[in-house]
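J.: Sharing a sequence plus its predicted fold:
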Amino acid sequence: MFDVQAAFPDIEPIPQDDGPHPICAIQYPAHFNMVMGYFRACLATEELSERTLRLTAEVIDTNPANYTAWHCRRKCLAALRKGLAEEMEFTTEAGGDNPKNYQIWYHRRAILDEHFGKKEDGEEELLYVDKVLEEDAKNYHAWSHRQYIIEKFELWDGEVAYVEKKIDSDIRNNSAWNQRWFAVHLKASKDGGGKYSARGEVDYALEIARKDFHNESPFRYLLGILQECWCGESKVNEGEEDVKKLTGEVREKLAEMKDQGSSHVHTALVDIATKEGDKEEAKRLCEELRDKLDVIRAKYWEKQIQKMGGGK
């Protein structure tokens, strides 16, 4: 254990200054006050030493969200030319009890950015992220870090398959659906001339949708793909005629699901009918949503009906 006071016999701690008349001074624990007092003193003298590095670990232990401590730690590492493999181990240990701490993830990324560039480094980091996602498959910071690693180390080849496993284990995991969108588009930009197969993504979304008609995720993903097909930004392999054919096929397949009583099926059909200019069908679907399938948003659907020239 690091003895802070013994390590800094020549330093006078700087206490927290809440002003001359603090209204509601926080009663920090004695150990916290002591550690922070020495840390403020080191910041004031800009001391970047081995003992300051060890002090930052104590500060982080008392408050892992202390960004200044992490920043000071990086400055110490650079000044001391310390081994970065050990630092990644330290960050892993700190993150164990704090998997959603932004400062820890940022520190990890900063170390990778500055000192690691081999493909093997990226693959090892993906293994770490995978362990975090096994504990919480919806950890936003872990998914964001995963995207960073995939782009930095060019590891996109197996990402779609990885995400499929995550979706299979929880088809309602919106984080995994978002990652699929990222992976498909990134792979297309790197290997496919910027284009991907819309049909492949549509078929996948429909396949998952059939497993739970009341799961909004695949329907949102499906509509996102169709929107890219319709906007004509040339992000998909399919040409204009293929897009028309694909849209018609999707409409038919969704129509087969209508008796499942899913508001998501009807909502998707509203978008497609509107795109195809079938105003009467779109209006009828909105009425069903308003009156039966999505009553909690009845006023919204009534508004859509009014835009189409109908309504109560």
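T.: Noted; the coordinates are in hand. Numbering: from 1, shown residues only.

J.: Count residues in the vicinity of the closest residue to R220 other than its chain neighbours, would you?
T.: For R220, the nearest residue in space outside its immediate sequence neighbours is W177; the separation is 7.4 Å by CB to CB, 6 or more residues apart in numbering. Placement of C-beta: from N, CA and C, glycine included. Residues lying near W177 (other CB atoms under 10 Å) number 22.

J.: so where's the stretch 201-312 of the chain shaky on pLDDT?
T.: Within the stretch 201-312 of the chain, the ranges that satisfy pLDDT under 70 run 233, 311-312.

J.: if you go through it in chain order, where are the helices?
T.: Using DSSP state H, counting those that start in this stretch, the helices of the stretch 201-312 of the chain run over residues 216-231, 240-255, 263-275, 279-288, 298-307.

J.: would TSV of these with mean neighbour count and distance to K138 be doable?
T.: Written out in TSV, the entries for the helices of the stretch 201-312 of the chain read as follows (neighbours: other CB atoms under 10 Å; distance: least, CB to CB, whole Å):
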stretch	mean neighbour count	distance to K138
helix 216-231	20	12
helix 240-255	15	27
helix 263-275	21	20
helix 279-288	19	31
helix 298-307	16	27
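
J.: And those: which comes nearest K131?
T.: Closest of these to K131 is helix 216-231, at 24.1 Å (criterion: CB to CB).

J.: which outside residues touch the closest one?
T.: 171-174, 177, 180-181, 198, 201-202, 205-206, 208-209, 235-236, 238, 243, 246-247, 250, 264-265, 267-268, 271-272, 275 (CB atoms under 8 Å, 6 or more residues apart in numbering).

J.: just the CA coordinates of it, formatted as CSV?
T.: Extracted in CSV, the C-alpha atoms of helix 216-231 (Å, rounded to 0.1, in the frame of the first residue of the first chain):
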residue,chain,number,x,y,z
GLU,A,216,-39.3,-2.6,-32.3
SER,A,217,-35.6,-3.0,-33.0
PRO,A,218,-35.6,-5.0,-36.2
PHE,A,219,-38.5,-2.8,-37.6
ARG,A,220,-36.5,0.4,-36.9
TYR,A,221,-33.4,-1.2,-38.6
LEU,A,222,-35.5,-2.3,-41.5
LEU,A,223,-36.9,1.2,-42.1
GLY,A,224,-33.5,2.7,-41.8
ILE,A,225,-32.2,0.5,-44.6
LEU,A,226,-35.3,1.3,-46.7
GLN,A,227,-34.8,5.0,-46.1
GLU,A,228,-31.3,4.8,-47.5
CYS,A,229,-32.6,2.9,-50.5
TRP,A,230,-35.2,5.6,-51.1
CYS,A,231,-33.1,8.7,-50.6
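
J.: if I read this right, F213 contacts H264, doesn't it?
T.: Yes. Under the criterion of CB atoms under 8 Å, F213 lies in contact with H264, with a separation of 7.1 Å.

J.: returning to what we had before: which one, of the helices of the stretch 201-312 of the chain, ends up nearest to E46?
T.: Ranking the helices of the stretch 201-312 of the chain by their distance to E46 (criterion: CB to CB) puts helix 216-231 first, at 49.7 Å.

J.: and the angle from the closest one to helix 240-255?
T.: On the basis of axes from the mean of the first three to the mean of the last three CA atoms, to 10 degrees, helix 216-231 is oriented at 150 degrees to helix 240-255.

J.: any idea how far helix 216-231 is from the chain center?
T.: Computed by CA atoms, centre = their mean, to the nearest Å, the chain-centroid distance of helix 216-231 equals 19 Å.

J.: ok, for the most centrally placed residue in the chain, nearest residue in space, not its chain neighbours?
T.: In the chain, the centroid-proximal residue (CA atoms, centre = their mean) is Y140; its distance is 3.8 Å. Among residues not flanking Y140 along the chain, S175 sits closest, at 6.8 Å (CB to CB, 6+ apart).
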